[in-house]
Each structure stands twice: as C-alpha cells, then as structure tokens.
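A.B. asks: The sequence and its predicted three-dimensional model are supplied below.
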Amino acid sequence: MGRFIGAIDQGTTSTRFILVDRAGDIRAVAQKEHAQICPRPGWVEHDAAEILANTRAVIEMALHKAGLTPADLAAVGVTNQRETSLIWDRATGAPLHNAIVWMDTRTQAAADRLAAEGRGDILRARTGLPPAAYFSALKIAWLLDAIPGARAKAERGDALAGTIDSWLIWNLAGRRHVTDATNASRTQLMNLATLDWDAELLALFGIPHACLPQIVSSSEVYGHCGAPLDGVPLAGALGDQHAALLGQACLAPGDVKNTYGTGCFLLMNTGATPHFSRAGLLTTLGYKLGAAKPVYALEGSIAIAGALVQWLRDNLGIIESSHEIEALAASVPDNGDVYFVPAFSGLYAPRWRGDARGIIAGLTRFANKGHIARAALEAAAYQTREVVAAMVADSGVPVAELKVDGGMAANDLLMQFQADLLDAPVVRPRHLETTALGAAFAAGLGVGYFRSAEEIAAHWRESRRFEPAMAAEDRTRFIAGWEKAVEKSLGWAV
C-alpha cells in the first residue's frame, strides 16, 4: 500500500490537491484558480471543463513538488463545492452548459413559487431543506429546460446530471456515475431517511431518474483512476463542509465547526437521528463512512464571507491581494460604526431572505477604507453569531467552543472578534485545510489506510485558542448596529 493519501479539494474559486501522510500531516499542496463567470446580475457559473483540467494540473504539480508518483498513493479522495450543478453528454463527456454555482440566484422565482404553493413542508420533512435557489434541484431543472434537447437526452440517460463530485469521479475513475450521500443530501432530491432519490420529489422538480448518479457512501472504493493518477483507488467523497466536519474530528453529538471560505458554513454533529430545525437551519447528512450508520448534522450556511474580501480586491481595488485585509482592518481601532451586509445573493441561514442585497451602512466623512475592510471581516463574525444562536435554540445545547478552519481562520483579528461576539472560545487547529483532510481521511478509511474514525481524531491538534475579552455592553452595542444594518438590506430585490 502506498505511503500517502491524496485529496482533491475542488472549491468555489480554486482547485487544490494535497498529499497527506499517516500522521495526518500535509506534505505537499498545489492550487489553481478558475474563472468566475457572471453573465447577469445574480448569475454565477463555472466552466466544468476548466475545473477538470485544473484538477489534473494540480495533481501533477503536487506529485512533482513532493517527488512522488501515483504508486506512492494508497488512495485519493474528493471534496467539492456542493450544490453547484451541471449536465454533460454521456457519449462525448462534454458539458452541455456551464455549471450553475451554489450562490447563483436565477432560480429564486421558482423557489418562491414552491414556497407559495405550500411545498415547504414536504421539502423540509423529506430533505431537511427549505425552498431556496441555493440547492441543486432547481438548478438542474433550469438546465434541462434551458438547453435545447437536454430533457429528452436526460430521460434516455444520454445526458447526465450531477454535482462537481460526480463530474470529477466520472472523469477520473472510469466513467462511473455516482455521488456520495452528503452531496446528494444537498440536491433537495434525496430522502434523508432512506438515503435514496425520492420519487415524489423527482416528479415535483421534473427531473428524470435516468440522468441522476447512484448514491454511495462517503468512504468506499468507487473505481480506479486513469491519468494522472494511474491505478490509484478513488475511495472517498464528501461535500466540502461535511469533509471539514470529519477533518475537524467533530465526531460526537454537539461538536461544532465553522469553515470560513467563500462563504461561512457551520455544522453541528447531531448523531444518528436527523434533527429538524425550528430556527432557520438546515438538516443535512454529516457523513456516512462505509457500511456504518449515517451521522446527521444541523447546518447554518452563510453565502458570502471570503468572497467579500475577494470582491474588495477585484471589484473595488481596495487591496491588491487578499492577505492584506487584516493589516488594513487593523489600521483602525474599531469599525467606526460602519457595517457591511454582504447579501450579494440574498441572506441564507437563519433568515433565508432572497430579497436582501448588499449594503454598507453608517458611512460618514470619518470613515475610510480601513473601516470598510474591518466591516467586511466583521460581517462573517456577525453572521456566524446568528447561526450559533439558532443552533443553541434548536438543540438546547450551549456551544462550549467553536472549532474554526478555512482560509479566513488564519486572520487573528477576525478570530478574536468572533470569540468576543460569541462570548465563547474559538479554537484553531494546526492545519486549516480541514476540508481536504476530511476527504483524505475518508479515502484512507475506504482502503484500510486508517483503521477507524478514532484514529483520525487522534491526529487533530489545537494551534491557538482565542478567549473572549469584549465587555458585555460593547458586544450588545455592536450587535444592535448589525441588526439595524441588516434590516436596511431587506426587501431590496423584488
């Protein structure tokens, strides 16, 4: 058996390949960004062929950097941006349209119709998810209707639909059309109780069963790879946030992690039973490891976090590179009463307001780019606090600490502000790339490289703990300012 595990981390803005050793340490990383295609306001697309080419490129780059060959790998896993969906031709392998990205809002009117028709109850009961443009089913339905001839091809099984995990597995591992149960749980088509496609929901959305992948566990051998991973078993797949839950060793009910990536995504392990939310959260599959029983989770999804820093860089030119944001934010002692509500695609959990749009509130002549930078960072913390409050309301369990990961978790200013807002410790692990680690762990379990989830948990190490230090009256004042700004963002899009 090879000495290392590989993990493909296919995210919203880039694709990475990492190499992990038996101690759970990252030995090499390669990364490549892909284009963000925005043909209309609120529309976001990716070129799936570009993503596949980048995936192959970063695999070769990381292996070369580490001086390894495919023979050195025991297995490879995949983790991916979740609800992003596409359709491709079974015979040619060519995508029939750009992939529609999870944050895309073109299906908002269809989601509103489902809610108005009273479909929300069945959707929540079967899938744990509310009517929203966020999830895959409406995106796939839009593609089937928008692409000439696509629906007829899908009904014959000549066109295949799926999320990015299924696209990569199909291309890398012998054209087997599968998706793991965590990604399937985000389509709004999988029944959470049976872990299979729900016939009534397929009929509701008008999606043919013949075009959909087989649902498999998050940790098993799906096939063996061709170039550039010749012969390596592809043995693990999870949606990115589920992979981070596993990578953060959140294995016990009540364990909570937050990934600060393009968006923010909090997951709380709720054990072997789905816990249906009354406070605006999503009920989702946490992970399913091989033949073991599934583990469920509560999730709070925040659409825009790191993407706001990218927007300041690319659209406004306030910074030249993303890592400059912390120093700029630290150039002022506080936010100067400036609040940035990044509702570019509406507001997700726990508010679920598709009519919200982004605003900067509280500007005066005193405000400068440092205040705007600080407000942009703090927006992630305010939204995280709202989701944690909803989790506590739903579960009745206070959050003792928040495990954090993702690129923005390296930002000390943001992590301290997060601890201050939560009035609870924020814990940063030694490896922030827990999404990729979770995929590597799942793949390692799938081939016996790792023996158990407990062995994985033993690899988790704390790097730094941020303790709350803010006075209660300051916390109350900041939160009140945020609430006022959010109210101003609502009802903008009609």
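C.D. replies: Yep, that arrived.
A.B. asks: Now the spatially most distant residue from the centre of the chain: phi and psi?
C.D. replies: Relative to the centre of the chain, the most outlying C-alpha is that of residue 365, 37.7 Å out, by C-alpha atoms, centre = their mean. Dihedral pair for residue 365: phi -60, psi -20, per degrees, to the nearest 10.
A.B. asks: With residue 230 instead?
C.D. replies: Note on residue 230: its backbone torsions stand at phi -50, psi 120 [degrees, to the nearest 10].
A.B. asks: Next one, pLDDT for it please.
C.D. replies: Taken from the predicted model, the pLDDT recorded for residue 230 is 94.
A.B. asks: Around the residue nearest to residue 393 when sequence neighbours are not counted, how many other residues sit close by?
C.D. replies: Excluding the flanking residues, the one nearest residue 393 by C-beta to C-beta, 6 or more residues apart in numbering is residue 279, at 4.5 Å. C-betas here are computed from N, CA, C, even on glycine. Using other C-beta atoms under 10 Å, residue 279 has 17 neighbouring residues.
A.B. asks: repeat for residue 484
C.D. replies: Residues within reach of residue 484, counting by other C-beta under 10 Å, total 12.
A.B. asks: Mind checking what secondary structure it has?
C.D. replies: Following DSSP: H, G, I helix; E, B strand; the rest coil, residue 484 is assigned to helix.
A.B. asks: Distance-wise, check it relative to residue 384.
C.D. replies: Using C-beta to C-beta, to the nearest Å, one gets 18 Å for the distance from residue 484 to residue 384.
A.B. asks: least trustworthy helix or strand in the protein by mean pLDDT?
C.D. replies: Confidence across the helices and strands of the chain bottoms out at helix 453-457, with a mean of 86, counting by mean pLDDT, DSSP states H and E.
A.B. asks: That helix packs against which elements?
C.D. replies: For helix 453-457, the contact count by 3 or more C-beta pairs under 8 Å, 6 or more residues apart in numbering; DSSP states H and E identifies helix 434-446 as packing neighbours.
A.B. asks: Mind checking the pLDDT average for the helix it packs on?
C.D. replies: Helix 434-446 carries an average pLDDT of 94.
A.B. asks: Just the CA trace of that helix, in CSV.
C.D. replies: Coordinates of the C-alpha atoms in helix 434-446 are reproduced here as CSV (Å, rounded to 0.1, in the frame of the first residue of the first chain):
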residue,chain,number,x,y,z
THR,A,434,-9.6,20.5,7.2
THR,A,435,-11.8,20.2,4.1
ALA,A,436,-9.1,18.4,2.2
LEU,A,437,-8.0,16.5,5.3
GLY,A,438,-11.6,15.2,5.7
ALA,A,439,-11.6,13.9,2.1
ALA,A,440,-8.2,12.3,2.7
PHE,A,441,-9.4,10.6,5.9
ALA,A,442,-12.5,9.2,4.2
ALA,A,443,-10.4,7.8,1.4
GLY,A,444,-7.9,6.3,3.8
LEU,A,445,-10.7,4.7,5.8
GLY,A,446,-12.1,3.3,2.5
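A.B. asks: buried set for that helix?
C.D. replies: Along helix 434-446, these residues count as buried under the neighbour rule (16 or more other C-beta atoms under 10 Å): 434-446.
A.B. asks: can you give me the strands for the stretch 51-200 of the chain?
C.D. replies: Under the criterion DSSP state E, counting those that start in this stretch, the stretch 51-200 of the chain carries strands at the ranges 73-80, 85-89, 99-100, 159-163, 178-180, 190-191, 196-197.
A.B. asks: before we move on, what about the stretch 351-494 of the chain?
C.D. replies: 359-361, 402-405, 426-429, 462-466.
A.B. asks: Please list the residues outside the first one that contact it.
C.D. replies: Residues from elsewhere that reach strand 359-361, judged by C-beta atoms under 8 Å, 6 or more residues apart in numbering: 338-341, 343, 372, 375, 484-485, 488-489, 492.
A.B. asks: try 10 Å
C.D. replies: Contacting residues not belonging to strand 359-361 are listed as 337-343, 367, 371-372, 375-376, 481-482, 484-490, 492 [C-beta atoms under 10 Å, 6 or more residues apart in numbering].
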